[in-house]
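Visitor: sequence first, predicted coordinates after that:
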2 protein chains.
Amino acid sequence: MKVARVGPRPGEDGRPTLEDVAASAGVSRSTASRALNDDGYVSARSREKVQAAARELGYSPNQAARSLVTKRTGAVAVVLSEPEARLLDDPYRTAVMRAGYRELADVGCQMVLIFSDTREDLDRTVRFLDGGHVDGVLVFAPHRTDPLPKALRQLRIPVVYGGQAAGLKRGVHVVDFDNEGGAKLAVAHLVEAGHRRIATIAGPQDQSAAIDRLSGWRKTLLDAGLDPADLMEEGDFTLTGGAKAMANLLARRPDLDAVFVASDMMALGALRTLHSAGRRIPSDVAVVSFDDNATLAPEMDPPLTSVHQDPREQVHAMVETLLAVMDDRDLKPRQRILPVSLTHRASS
Amino acid sequence: MKVARVGPRPGEDGRPTLEDVAASAGVSRSTASRALNDDGYVSARSREKVQAAARELGYSPNQAARSLVTKRTGAVAVVLSEPEARLLDDPYRTAVMRAGYRELADVGCQMVLIFSDTREDLDRTVRFLDGGHVDGVLVFAPHRTDPLPKALRQLRIPVVYGGQAAGLKRGVHVVDFDNEGGAKLAVAHLVEAGHRRIATIAGPQDQSAAIDRLSGWRKTLLDAGLDPADLMEEGDFTLTGGAKAMANLLARRPDLDAVFVASDMMALGALRTLHSAGRRIPSDVAVVSFDDNATLAPEMDPPLTSVHQDPREQVHAMVETLLAVMDDRDLKPRQRILPVSLTHRASS
DNA sequence: GGAGAAAATGGGAGCGCTCCCAGGATGCGC
DNA sequence: GCGCATCCTGGGAGCGCTCCCATTTTCTCC
């Protein structure tokens, strides 16, 4: 059974227009518009009549018509560019998506999520972003060889990067964390605790974040007069990668007494290896990781000491920057580096 | 330095319109439109001129204008409704997001992701969906008490549910997996392998999927003449939930010889507990789980036997249904139940 | 009470596109 | 040569909205 339709004619497809609302309220289209968007002069009486009519008719403005004239869509794209598909399971990415949704919603924008991992994705992504569907873009493209950032330079809408943009240092807006500083914090903490053979499981060295964390580790060791030789193993930010890297480290340097792991996920793998190897944590080997993911770090066995970086904070800063750029297209590029802190738990 | 702008005037903001392209190609707006959308009659010569002009000017059509007249936005919303925020880290959800993106891209649609977990999200979500931003909606609202599905009934655009829609049995399109059948498969496999005290870690019983899996377990035990008493523990689909549930089970029934876990994530927790308790898998306790998540099940120690359900397949069917409904608004509601299979690995 | 400001209103234009339709060019058969 | 189908083209209308502007109504103050 179809719902009976009465009252002012509601266009073929059942969607009332502003005109319908105006007619039903007995005012002009202009007044109705002003009443609903409350700007300009509208008498209290008109406003109420219009709002009542809108409610009764189930009116909702046609976004296409609106953005045709305002040249704003109210949508912002969040692009996650990750050449290796499986890595999208990275919990930090998940956190970023949710934070993006929330932060954008808070400023009245809708998030349009875009995954980009194959070559043809690149073209489609650029075409979409340039097609006027969105007002701005937040991009996460951690890999240094990723061609996306270069391709995005042709865009006619504002772009803000989360983490360094591959290949482009200048001319882009970036909000990053202090990766090197965080690593230093973590390793200094281990040094102070008396550890002397502090290994690291680094992230893939095609990502600046991973590079910076590694260099923070190295510098801190050298500053403390410790030797980093043979104490580094590269992982791929996955659980199994972390487990393997840990195994390699143990094989090479069975005497290690602490390890700084460049991500929580890899730390999860490293813990597994350490457990199997019968090492006690933190008494035999202290572990400190990076990310301090809310659903990971505190839940581990033992709970992880981890360098805290809040995705929400990053996205918040990105949105802030994006709005500033939308407001002033010629804003000079901002490079914001957010501070990180160390969350102490039982693993160290 | 700004790029020099020559040639046909490109509107204030630098975006050429169809009119600009037409002028530059020396044809009319209509012909340009036909050439670019290739429909109707256009001479090869005009088409080429138009395409060249479009390329040269960097033309991309104004989506707002287009959808104002076509009444299509080319966007589809994917709604993830999860009252408890942290559960959104569920790897199945992540897989759904990616699958949604891919499947929608394949049919030329853009995905607009919507998270809905608080009360005010509900209103905002409904308002957005009803605002003409998208052509259709794919909804994942697993919780039976979720008010969202009821609220969505007022929508004037097609809706397809992934998994049962809370509270509404009739009148909606649903694509679900055979949860009960999958559980039966898993438990029958354990029975055949000779296990007699087969426990289960169920999912939260406010979700139909969890209920169905539990009932599959129970029925199979009864059919085999086995007693389910004391062998059920409810988890919450998280790692720690699974770990705790397993501990409870072991405490109550130290003699159990197998366990059917309602999700991979909980199985991860259960494995941890079993390891700590010194039980060998599968010789002491066989484990079978549900989801067969590509980045989880095969990576565990030992790799998990798991009921395979492919999120991509589900989303594919959902998109298929959505397109069918968009084509024929009065299509009678479809309830599709997708089959599942059992992937055998070392844990059983 | 009347001038002037302030408040409120309605009509028109136009955003950039697609679709419809009238009409011009071109082809073919007799 | 003419008639008719086929191909191609351009102009006009209009999608639903916002914004500008001209006009009317109301308020304020001397």
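Guide: Yep, it's here. Everything numeric in this text was worked out from a predicted model, so none of it was measured.
Visitor: so, low pLDDT: which residues of chain A?
Guide: A:1-14, A:84-88 (pLDDT under 70).
Visitor: excluding chain neighbours, what is closest to the most centrally placed residue in chain A?
Guide: Centroid check for chain A by Cα atoms, centre = their mean gives residue A:96 as the closest residue, at 3.2 Å. Of all residues not flanking residue A:96 in the chain, residue A:311 sits nearest, at 4.8 Å (Cβ to Cβ, 6 or more residues apart in numbering or on different chains). Just so you know, the C-beta spots here come from the backbone N, C-alpha and C atoms, and that holds for glycine as well.
Visitor: the residue nearest to the centre of chain A is in contact with residue A:313, isn't it?
Guide: No: under the criterion of Cβ atoms under 8 Å, residue A:96 makes no contact with residue A:313, lying 11.2 Å away.
Visitor: and the residue nearest to the centre of chain A, what does it touch?
Guide: Counting by Cβ atoms under 8 Å, 6 or more residues apart in numbering or on different chains, residue A:96 touches A:78, A:80, A:140, A:162, A:311, A:314-315.
Visitor: and the strand or helix carrying it, how far out from the chain middle?
Guide: Residue A:96 belongs to helix A:91-106 when assigned by DSSP states H and E. Centroid displacement of helix A:91-106 relative to its chain, using Cα atoms, centre = their mean, to the nearest Å, is 6 Å.
Visitor: residue boundaries of the strands in chain A?
Guide: For chain A, the strands defined by DSSP state E occupy A:75-81, A:110-116, A:136-140, A:159-162, A:173-177, A:198-202, A:232-234, A:258-261, A:286-291, A:305-308, A:335-338, A:341-343.
Visitor: of all those strands, which one is nearest chain B?
Guide: Closest to chain B of the strands of chain A is strand A:110-116 (Cβ to the nearest Cβ; 4.4 Å).
Visitor: partners of that closest one, with directions?
Guide: Here strand A:110-116 has these sheet partners by DSSP bridges: strand A:75-81 (parallel).
Visitor: what's in contact with the partner strand?
Guide: The contact list for strand A:75-81, computed with Cβ under 8 Å, 6+ apart, reads A:88, A:93, A:96-97, A:100, A:104, A:109-117, A:125, A:128-129, A:133-143, A:146, A:148, A:319, A:322, B:112, B:133.
Visitor: stretch A:225-241 too?
Guide: Residues contacting stretch A:225-241 (Cβ under 8 Å, 6+ apart): A:86-87, A:90, A:191, A:196-205, A:210, A:214, A:217-218, A:221-222, A:242, A:244-246, A:248-249, A:252-253, A:256, A:261-263, A:265-266, A:268-269, A:272, B:295, B:299.
Visitor: and it, what's buried?
Guide: Buried residues in stretch A:225-241, counted by 16 or more other Cβ atoms under 10 Å in any protein chain shown: A:226, A:228, A:231-241.
Visitor: endpoint to endpoint, it covers what distance?
Guide: 29 Å (Cα to Cα, to the nearest Å).
Visitor: what's the answer for stretch A:235-243, then?
Guide: Stretch A:235-243 end-to-end distance (Cα to Cα) = 9 Å.
Visitor: what does chain A have sitting close to DNA strand C?
Guide: With Cβ under 7 Å from any atom of the strand as the criterion, chain A meets DNA strand C at residues A:26-31, A:34, A:40-46, A:65, A:68-69.
Visitor: which of the residues you listed fall within helices?
Guide: Applying DSSP state H to the residues of chain A next to DNA strand C, the entries found in helices are A:29-31, A:34, A:44-46, A:65, A:68-69.
Visitor: the helices in the stretch 101-250 of chain A, which residues?
Guide: For the stretch 101-250 of chain A, the helices defined by DSSP state H, counting those that start in this stretch occupy A:119-130, A:148-152, A:179-192, A:208-223, A:239-252.
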